[in-house]
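[1] Sequence and computational prediction follow.
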Amino acid sequence: MAITDLKKGDAPSLALVHPTEAEKQIQFNLNGAEWRGALTIPAYVRREDTLAQTALTRDGGISYWILVDTSLPNNPFDPKSGTRLPLASCETYRKKALVWQNGVLKEVICHGVGSVFCAHHLRKRGYAQRMITELSKAIRTHQTEEGVECMFSILYSDIGKKFYDNFGWEPFPSSHISLPTTTSQDTSYLPTARPLYAEDLEEFCNIDVASLRQSLESRPKDSKTAVALIPNLETIQWHHAREEFVGKELHGKTPKIKGAIVGTEKGKRIWCYWTRMWYNPNPAEAKGNTLHILRLVIEDNRGEGSSSNMANGASSMTNGSRSMSNGSGSGQEAAIAALMAMAQREAQTWKMENVEMWTPPPVALAAAKRLDPGVKVIHRDMESIASLQWFPEHDGPAADKIDWIGIEKYAWC
């Protein structure tokens with residue numbers, strides 16, 4: 001059977017299904033050419049198997065999907081295998097999320113869509129479009145059997161803003177700042193930043209999550225609906241498991257420093273978590289590699305964290321007591337600059353080309369300028385476009401009615 005004999009994407013016999021293990025491996029070997037980064041294909045497949053066993057993804061935390069033609073008895077290109085031919089594929093990650101609406105806060109699940117793929121020899125036949133259409137229907141009730149609602153889903157488009165918007169995933173503001181791994185500026189005046197290790201993260205994630213809940217609960221009742229992915233420990237650990245696997249493959253060791261913190265007094269600390277992403281297969285070269293700051297948290301004076309990226313980058317700080325010194329923002333700037341300077345050093349150690357922070361609030365931008373006066377906010381229009389599909393019925397663009405809180409790298413999948 002020739003590829004030209006396959007049915008087009010609008011054929012009634014096409015269906016979205018969960019793949020068998022053999023079918024999943026077929027897709028890993030195909031999509032690895034685009035998603036493997038610095039890894040070989042066999043290492044990429046092992047990484048995906050490893051990540052599927054993290055606390056975030058095991059026990060149904062990750063779901064695999066493929067589009068197949070149910071009229072075909074098995075894979076026409078390999079009839080002995082008994083597998084179906086995957087026409088397109090993707091994954092969804094079940095994540096905990098919060099939705100505030102009309103004065104009521106509730107915890108829901110959100111499905112993050114990732115690894116959307118159609119093999120080159122099967123493209124331009126409408127398979128990706130059909131899969132996304134069917135997926136949009138399926139995930140509205142996927143894994144809601146226990147009574148937990150799924151009110152929205154997210155994805156990060158690497159093909160611009162238009163394609164997924166056509167299927168309901170609306171683009172939201174997507175921006176970042178990028179710092180080189182070295183600075184020519186004097187940093188001796190900055191406060192001391194201490195490294196955070198894996199064993200430190202549970203405490204700080206718990207503070208962060210509690211504060212996020214409190215911040216949403218305190219929204220004025222006439223505010224827009226707000227949604228947020230919960231920055232829990234399981235989510236941060238997934239990013240770190242990813243970097244640890246690749247670090248071991250490329251450098252024979254795993255990164256130990258997971259972030260940094262400034263301050264020791266509870267209620268006046270500022271911290272961040274980060275992760276390293278390698279794209280250059282040459283372990284001696286840094287070009288293309290990026291250290292991403294996953295989450296920046298400014299602790300308030302009651303010992304509860306407060307995301308600095310609330311409301312799509314607007315600072316959530318409401319009183320001067322949250323600054324690090326003298327009731328002004330200059331102390332916060334210096335503290336965040338110290339965190340960024342440590343991130344730069346870590347990036348250089350691990351052969352990264354730059355340090356990146358998504359949706360920087362004004363105080364973080366000012367901090368970055370202390371290290372690189374020329375730094376600017378980059379508004380992305382093609383890659384990593386944060387996109388959200390709001391399931392409840394609504395008129396007009398959801399992006400006009402919803403605040404997506406904390407569009408930071410931690411929520412990426």
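    Here it is on my side, so go on.

[2] show me what contacts Lys7?
    Counting by C-beta atoms under 8 Å, 6 or more residues apart in numbering, Lys7 makes contact with Ser13, Leu14, Asp69, Ser71. Every residue, glycine included, has its C-beta placed from N, CA and C.

[3] buried subset of the residues you listed?
    Listed as buried from those are Leu14, Asp69; burial here means 16 or more other C-beta atoms under 10 Å.

[4] Could you save the contacts of Lys7 as TSV and add columns showing pLDDT, secondary structure and distance to Thr144?
    Shown next, in TSV, are these (pLDDT from 0 to 100; DSSP: H, G, I helix; E, B strand; the rest coil; distance: C-beta to C-beta, whole Å):
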residue	pLDDT	secondary structure	distance to Thr144
Ser13	97	coil	27
Leu14	98	strand	24
Asp69	95	strand	28
Ser71	91	coil	30
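
[5] out of the contacts of Lys7, who's nearest Pro362?
    Proximity of these to Pro362 (C-beta to C-beta) peaks at Leu14, which lies at 48.2 Å.

[6] got the contact list for that closest one?
    Lys7, Leu67, Val68, Asp69, Thr70, Leu87, Tyr127, Arg130.

[7] looking at the sheet around it, what are its partners?
    Asp69 (DSSP bridges).

[8] quick one: it from Lys7, how far?
    7 Å (C-beta to C-beta, to the nearest Å).

[9] what about the stretch 301-413 of the chain, any weak spots by pLDDT?
    301-329 (pLDDT under 70).

[10] Please, where are all the strands along it?
    Listed in chain order, the strands of the stretch 301-413 of the chain (DSSP state E, counting those that start in this stretch) span 305-307, 354-358, 378-379, 385-390, 402-404.

[11] ok, which pair from the contacts of Leu14 is furthest apart?
    Across the contacts of Leu14 (C-beta to C-beta), the longest gap, 14.0 Å, separates Thr70 and Tyr127.

[12] Turn the contacts of Lys7 into CSV, columns for distance to Leu196.
    Converted to CSV, the contacts of Lys7 look like this (distance: C-beta to C-beta, whole Å):
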residue, distance to Leu196
Ser13, 52
Leu14, 47
Asp69, 50
Ser71, 54
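
[13] Name the residues that touch stretch 188-196?
    Against stretch 188-196 from outside (C-beta under 8 Å, 6+ apart): 204, 257-263, 271, 273, 324, 334-335, 337-339, 341-342, 370.

[14] In helices, which of these appear?
    Counted as lying in helices by DSSP state H, out of these, are Phe204, Ala334, Ala335, Ala337, Ala338, Leu339, Ala341, Met342, Arg370.

[15] which two in the contacts of Lys7 are spaced the farthest apart?
    Leu14 and Ser71 (8.8 Å).

[16] picking that back up, so which of the strands of the stretch 301-413 of the chain comes closest to Glu134?
    Closest among the strands of the stretch 301-413 of the chain, using C-beta to C-beta: strand 385-390, at 13.7 Å.

[17] sec struct for the spatially closest residue to Phe117 that is not a sequence neighbour, please.
    The shortest distance from Phe117 to any non-neighbouring residue, by C-beta to C-beta, 6 or more residues apart in numbering, is to Asn31 (4.0 Å). Following DSSP: H, G, I helix; E, B strand; the rest coil, we place Asn31 in the helix state.

[18] got it, and Ile154?
    strand.

[19] In this structure it contacts Ser387, no?
    Yes: with contact defined as C-beta atoms under 8 Å, Ile154 reaches Ser387; the gap is 6.6 Å.

[20] which residues are common contacts for these two?
    In contact with both Ile154 and Ser387: Trp169, using C-beta under 8 Å, 6+ apart.

[21] just the strands in the stretch 101-250 of the chain please.
    104-117, 150-157, 170-171, 175-180, 193-196, 225-229.

[22] and the fifth one, how far out from the chain's middle?
    The one in question is strand 193-196. Relative to its chain's centre, strand 193-196 lies at 23 Å (C-alpha atoms, centre = their mean, to the nearest Å).

[23] if we can go back for a sec, to Thr225, which of the strands of the stretch 301-413 of the chain lies closest?
    That would be strand 402-404 among these, by C-beta to C-beta, at 5.0 Å.

[24] Run me through the strand neighbours of that closest one, direction for each.
    When DSSP bridges is applied, strand 402-404 pairs with strand 225-229 (parallel).

[25] got the contact list for the strand it pairs with?
    95-102, 110, 112, 151-152, 154, 212, 216, 219, 235, 311, 388, 401-406, 410-411.

[26] Recalculate using a threshold of 6 Å.
    95, 97-101, 152, 212, 216, 402-406, 411 (C-beta atoms under 6 Å, 6 or more residues apart in numbering).
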